[in-house]
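**Q** okay, structure incoming, though there's no sequence with it:
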């Protein structure tokens, strides 16, 4: 519960935005897997602030230090502890926030829950918490690739009203990593970037959708009842800051259709049982069927804006949140590796659970 | 994991569609609460097949027997075991399904996972599994009402393309229980019923959306990281058969907006800190803020249709699923109490967890 | 937590001594295993009251009804629900206990925990709760035997001061089932029976030790840190009513020895790595090493005696517990199958967890 | 599971003997508690090697760095990450152990479980893992004292055949911290020290017993079935390296007694319900009754001895473990704070769980 995710393969995280370090423990990593530390650092670089004009200019080097569980380049099966030191902390920047509640942040709810709060940059509720998710996710991706040949690709599919119309099957997803907005359609990417830059100039923020595709997942992964594979993926995605919705396969759009349109017919394709269509999104009855798994994740515009906003303080007195510092006009480009990471953490856990059935 | 949901307040379920009984164990029920057994039976009646022309005509009495954990009309704090006997099982009806995979059912994936399957009426993957959820949910509702004054109301807000345009604030939600489709707008309800009946005549099925509103939830309920309150609610909803999507607050629609439009400003309302708008859906940073919690759940059309469909058998040979028996043209009316039940189970668990903070 | 044991293979139990039924849910049973329902009933008969002059004369038929998870004689991988109806409940027998606390029973602590109590025969804290453990344990034994060839044998090794001096290696453990006290040494068994009968005549009770041996467990089962195999076995044993201690291998007796005496030297026995001695009790660093696992479980004399005892009531007023009804002079003979069951539940869980490592 | 202990209040640990750091994450720390960092360091100093002639001469400074979850001197309710750097690692010292299995160590079982092993100083199975337990335990002690007034005192009660005859009630437990062996009876302490020094001179090791007393625990803490308070304490103790047994209250010695001797009669002491004797060890039916909780923990002699021992290598070839470096003749003095820590971790978890009942 709380700051641990997973059942068999778990990630436990700690750390605040302006504390001395962010970190975590990955437990249940299968032994004997080659661990490419550079790859983990690269994944972390994909979520780093300041990597393009589209994101916050907060500069963090974010170097990961792996402290255990790896010996002579391989995982040992023992827990992998890691830390990432915080370097750019000007806590005093936040002194004006000590006693007021920023709109649509977690300030008020943390205060109601804990009766105490760390006001520096959102403390634990800051997006910096996702650093630990990306480190854990990178380890999970390594294991998924090594043990099962599973690959996970997320990309920005909508920013504001600009929406990718093409299906993922008609796109080269690797193109996403060639532009700052992480959209696999270069023309749409340009439009999205222009929108984000115009929103940024207003000191405002904009929401959007990240889509994610998992290829190579064998059939039979998932639990039948409360822990369906898509329940776990949905829960993981909804645990990312600013996420407001999740659907998979035909999702919310499929509700207008009839069963005769939605059912995926089974066929025999060169001796292998496949489905003709994949509106199920690779999951039936909560268990993977061997087709691609795909889903969408809705992000609201982030709450920090460079525009004055009325609010109240701890005593309920009216006051104003004044803009200060930097802001992230659109969280999606940096959230792409976080979506992949959460998908990887969840899927590896479920793949390992499935090993117990046979 | 698997057939248990919850951390502190848990429901464990068992039972197949055509076995001798469906049942479960509710653990962690707070002691000393008056248990109204009739209310639990009424809740079960709300999900019973055959209650209107809109649903399957399968007739089941579905009488719940509570076996433990209640003494002299009150919960004792000990686990509450219960069973509901299956009465209408013509297992031989399903003999033709023994070796083939019905499209978009769990037949194929269960077979890949377990290497064995109970082909009678879907076995464990049948919607009858939700009987246990409704019994557990009714107990959770009783505790939520008794301990916190929390109420949960779900209703059908969309069937196919027929969509309720009004916001929940502008509706009398109790009206939902006065019509067969469980929609709080009587005119829309009529339209939805007509659509469902026409779909039924075709032997087809139709999807839709159930909306749910939770009132009276105090601020401070929820966990900060992986177990945000909306992650848990989303996971619960996605674990219901046929659910393809979940969003809360402004959800998928809010992604086109800007932060300055989406932020809920804090105000002082008669000495109480409230928000001016509630696009957050009552949850900020994963923790309740005292406003109404509301969310949407997308249901695909159910897979059983009375139309022949091509498929393959276990060996991959082409064959046909021939229509047989009865079908449920739209699962939504009967799913309304299931949505409420899963919300209640999750929320009570989180309310009890929150008691440990202070 | 609470009424569930296990991680991957779990047993959840419910039921009070004088409610309508005792029961539970076994989840995570591997699919495709032949389930011998008669064997499960036989195991239940081994713990049944009234089976010999040594135990309570309370008569219960204790017929188990398996409700799900088994199809055409095999486990399906779905949860197995079961109930055992209570037949011999004269609740009014206990009316005199409604407001007083019996010495060394759970009456007082349940009252302090729950603020309410079911005074009929101890309610949930009654030894009848072990019925569910024996049913779950029988299923676990079937799986352990079928999948791994593991066998578990428990026996009475001490009653009062009468102690089996021989090591388990020098005994034929199957002899234990041929006498009422379940001791594999027929002469000692006679002595123990005489002691128990003399204690019974006094209306008193006597404690003792049950020893347990697990053969056929492969090396590599167990978790390295908090969940060592012997931690889990110890926890299981300590959860049985009246258990006050647990040790394994050389246990409490080994503390007087030196490392040079206690270390089990590795040898090569016909190409297999074995240990020369087995003071480790088959577990090193919390993980099985392939040798026999053996441990001891200390039982106090049960608290119900047929002798008047001073006590207090809920208001703290002095009163007397008057002897009434029947009593169990020595719980050990009937606890033997419970010890085996808890060992089986724990070990199967750990064996399944170990399957994820490779 | 695995490297996490606790349900609501949890400790997750990582780190190997000769890796770069040992550390962990404490989650579920109640907010608003004053955290005395010096106290945590002092606790760590109590388990540090090299603190007296009785222990290993391995020198480690073992400075703890707390990385999160504490703000302005108080716990925030967010997870507390911490690390302790390893300083004295001469990994090459262990090169001779790379391919052989040390007797009664975890070398062989880890190899069978993981197929890989970190041979440097035992890797993860080293007693250095208890550093994380002591840090977590110190935090738990702070919370137990602050929230409930609970105190925990462990002490060495037996070394080899030298055994403390006095009951804990007849001793001043604080005297234990005034001698190197941590025994509250100064005369027995001297005897124990002499025995340990003589064993050390032989290059051998010796076992013993640690006793532990918990005062101030309110009634009503514990779970009724599988998670009885003493089951959890037993499991915690058995998870400490070299522990072979656990008993509480009258324990193994009480098995020879009769119920009429063992039952603790309830009395009214100045308006408070108490028991006349406390053979129950403060726990009845798995739940605390408000009396002192006390238990014993059996430690075998540690396996590392400075005497050559025959063994086999990975291929099963006979070889010899040659003595090298330093050794710890008796682990008990340094294990005293570890016993207290595990008791504190378990008890705080259970106290927090109990808060949910009312």
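**A** Everything's here; your move. Computed from a predicted model, the values in this text were never measured in an experiment.

**Q** measure the closest residue to chain C within the stretch 1-150 of chain A to residue A:355 for me?
**A** Scanning the stretch 1-150 of chain A for proximity to chain C using Cβ to the nearest Cβ identifies residue A:8 as nearest, at 6.0 Å. C-betas here are computed from N, CA, C, even on glycine. Separation of residue A:8 from residue A:355 (Cβ to Cβ, to the nearest Å): 9 Å.

**Q** so if I had to pick from these two, which one is more boxed in?
**A** Neighbours were counted for residue A:8 and for residue A:355 using other Cβ atoms under 10 Å in any protein chain shown; residue A:8 has more, 21 against 16.

**Q** in a helix, that one, correct?
**A** No. Assigned with DSSP: H, G, I helix; E, B strand; the rest coil, residue A:8 falls outside any helix and is coil.

**Q** right, and it touches residue A:354 too?
**A** No. With contacts counted by Cβ atoms under 8 Å, residue A:8 stays clear of residue A:354, the gap being 10.1 Å.

**Q** any common contacting residues for those two?
**A** When contacts are counted by Cβ atoms under 8 Å, 6 or more residues apart in numbering or on different chains, residue A:8 and residue A:354 have no shared neighbour.

**Q** for residue A:313, which residues are in contact?
**A** A:99, A:100, A:101, A:319.

**Q** run the last query once more with 10 Å
**A** Residues near residue A:313 by Cβ atoms under 10 Å, 6 or more residues apart in numbering or on different chains: A:98, A:99, A:100, A:101, A:319, B:266, B:268, B:273.

**Q** just the pLDDT for it.
**A** Looking at residue A:313, its pLDDT stands at 94.

**Q** for the stretch 201-350 of chain A, which segments count as strands?
**A** Counting by DSSP state E, counting those that start in this stretch, one finds strands in the stretch 201-350 of chain A at the ranges A:208-215, A:243-248, A:266-269, A:272-275, A:283-284, A:287-288, A:293-299, A:309-312, A:318-321.

**Q** ok, the fourth one: who's next to it in the sheet?
**A** Looking at strand A:272-275 with DSSP bridges, its paired strands and their directions are strand A:266-269 (antiparallel).

**Q** could you do the fifth one as well?
**A** Looking at strand A:283-284 with DSSP bridges, its partner strands are strand A:287-288 (antiparallel).

**Q** residue D:4 versus the closest residue in space to residue A:29 that isn't next to it in sequence, what's the distance?
**A** The spatial neighbour of residue A:29 that comes closest, neighbours along the chain excluded (Cβ to Cβ, 6 or more residues apart in numbering or on different chains), is residue A:75 at 4.7 Å. Between residue A:75 and residue D:4 the computed distance is 18 Å (Cβ to Cβ).

**Q** also residue A:13?
**A** Shown here: residue A:13 relative to residue D:4, a distance of 13 Å by Cβ to Cβ.

**Q** these two: which is more packed in?
**A** With neighbours defined as other Cβ under 10 Å, residue A:13 and residue D:4 compare such that residue A:13 has more, 30 against 22.

**Q** what is the distance between stretch A:33-42 and the centre of its chain?
**A** Taking the mean C-alpha point of stretch A:33-42 and that of its whole chain, the gap between them comes to 19 Å (Cα atoms, centre = their mean, to the nearest Å).

**Q** ok, residues contacting that stretch?
**A** So stretch A:33-42 is contacted by A:29, A:62-66, A:69-71, A:73-77, A:80, A:82, A:134-139, A:141-143, A:145-147, A:337, D:116 (Cβ under 10 Å, 6+ apart).

**Q** go with 6 Å
**A** Surrounding stretch A:33-42, the residues in contact under the criterion Cβ atoms under 6 Å, 6 or more residues apart in numbering or on different chains are A:64, A:70, A:74, A:75, A:138, A:143, A:146.

**Q** re earlier: adding distance to residue A:50 as columns, could you present the strands of the stretch 201-350 of chain A in a markdown table?
**A** As requested, the strands of the stretch 201-350 of chain A are arranged in a markdown table below (distance: least, Cβ to Cβ, whole Å):
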| stretch | distance to residue A:50 |
| --- | --- |
| strand A:208-215 | 20 |
| strand A:243-248 | 23 |
| strand A:266-269 | 47 |
| strand A:272-275 | 44 |
| strand A:283-284 | 37 |
| strand A:287-288 | 38 |
| strand A:293-299 | 20 |
| strand A:309-312 | 25 |
| strand A:318-321 | 24 |
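
**Q** quick one: those as JSON lines, columns for mean neighbour count and distance to residue C:124 too.
**A** Written out in JSON lines, the entries for the strands of the stretch 201-350 of chain A read as follows (neighbours: other Cβ atoms under 10 Å in any protein chain shown; distance: least, Cβ to Cβ, whole Å):
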{"stretch": "strand A:208-215", "mean neighbour count": "23", "distance to residue C:124": "45"}
{"stretch": "strand A:243-248", "mean neighbour count": "28", "distance to residue C:124": "40"}
{"stretch": "strand A:266-269", "mean neighbour count": "17", "distance to residue C:124": "49"}
{"stretch": "strand A:272-275", "mean neighbour count": "18", "distance to residue C:124": "49"}
{"stretch": "strand A:283-284", "mean neighbour count": "29", "distance to residue C:124": "40"}
{"stretch": "strand A:287-288", "mean neighbour count": "28", "distance to residue C:124": "36"}
{"stretch": "strand A:293-299", "mean neighbour count": "27", "distance to residue C:124": "43"}
{"stretch": "strand A:309-312", "mean neighbour count": "19", "distance to residue C:124": "48"}
{"stretch": "strand A:318-321", "mean neighbour count": "15", "distance to residue C:124": "53"}
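
**Q** mind listing the helices for chain A?
**A** Taking DSSP state H to define them, one finds helices in chain A at A:37-47, A:107-114, A:130-148, A:186-201, A:229-238, A:259-262, A:332-354.

**Q** as CSV, those with mean pLDDT and mean neighbour count would be great.
**A** As requested, the helices of chain A are exported to CSV (pLDDT from 0 to 100; neighbours: other Cβ atoms under 10 Å in any protein chain shown):
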stretch, mean pLDDT, mean neighbour count
helix A:37-47, 96, 17
helix A:107-114, 94, 25
helix A:130-148, 98, 24
helix A:186-201, 97, 18
helix A:229-238, 98, 28
helix A:259-262, 97, 22
helix A:332-354, 97, 26
